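S.K.: any chance you can model this:
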Amino acid sequence: SFSGFFGVDIVEVSVKEGDPVTLHTDVETNQQEDIKWYFNDIRIAEISGDLSDICTDVQCNEGTERFRDRLKLDHQTGSLTIMNTRTTDSGLYELKIISSFSISEKTFSVTVYGESLNKCLKSHNYYWQASFVLSRVPYCCYDLLQKRYIARHQLLGALLGNLRPFLMSNGLQFSNILGFTC
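M.R.: Residues are numbered from 1 along each chain as shown. Below is the predicted model:
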């Protein structure tokens, strides 16, 4: 995880397209909290404290079917699982846990990477890691990698675009851009 703008902690999560991913709340509910999940500011899942109101996707946001039949909400912890992930599922997921005394928030930056980036990296003996630590990026993979970043962090994507003239035929090495090492 890294500290984003305004001190909000953001948990980085990467998953291969088609695989499931679980976003963990790291809490056990005492059935007095409301737990709400948002994707791009649209509520996609919710559990009321007394479990009287539980919704996912289309029931929560009046018709949007982006995640139709692909969301699973753990009733004990409030953790959210996205099944059969797609690259369009990449983005920021916000968790709000609301109790009578406080509101706590957690943000997840989810990146669903497609097979094309995975194949490109593997063909050059560069292996994708969940923590996203690569020391050198082959030139042929650069565009795919930049698209991944733009989906996650548009500012970082713009910074990477500015680095393009420094690419060499054997790859690119850079680190500590907004707290990342690539």
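
S.K.: got the buried residues for stretch 79-89?
M.R.: Across stretch 79-89, burial judged by 16 or more other CB atoms under 10 Å covers 79-80, 82, 85, 87, 89. All C-beta atoms are positioned from the backbone trio N, CA, C, and that covers glycine.

S.K.: contacting residues for Ile35?
M.R.: 25, 29, 45-47, 78, 95-98 (CB atoms under 8 Å, 6 or more residues apart in numbering).

S.K.: mind jotting down where the helices sit in this structure?
M.R.: Per DSSP state H, the chain carries helices over the ranges 115-123, 139-152, 154-163.

S.K.: show me what Val11 is bridged to.
M.R.: Phe108 (DSSP bridges).

S.K.: before we move on, the earlier item: in terms of mean pLDDT, which of the helices of the chain ranks lowest?
M.R.: Note on the helices of the chain: lowest mean pLDDT is at helix 154-163, with a mean of 42.

S.K.: for the closest residue to Ile44 other than its chain neighbours, give the beta-bridge partners.
M.R.: Nearest non-adjacent residue to Ile44, counting by CB to CB, 6 or more residues apart in numbering: Trp37, 5.3 Å away. Beta bridges link Trp37 to Ala45, Leu95 when assigned by DSSP bridges.

S.K.: can you count the residues close to Trp37?
M.R.: Around Trp37 there are 24 other residues, counting by other CB atoms under 10 Å.

S.K.: surely it and Ala45 touch.
M.R.: Yes: contact status for Trp37 versus Ala45: in contact at 4.1 Å, counting by CB atoms under 8 Å.

S.K.: what do these two both touch?
M.R.: By CB under 8 Å, 6+ apart, the residues touching both Trp37 and Ala45 are 73, 80.

S.K.: specify which member of the contacts of Ile35 is nearest to Phe108.
M.R.: Of all the contacts of Ile35, Phe108 sits closest to Leu95, with 7.3 Å by CB to CB.

S.K.: neighbours around the closest one, how many?
M.R.: When neighbours are defined as other CB under 10 Å, Leu95 has 23 of them.

S.K.: ok, Ile10 next?
M.R.: Neighbour count for Ile10, taken as other CB under 10 Å: 19.

S.K.: roughly how far apart are it and Thr81?
M.R.: 19 Å (CB to CB, to the nearest Å).
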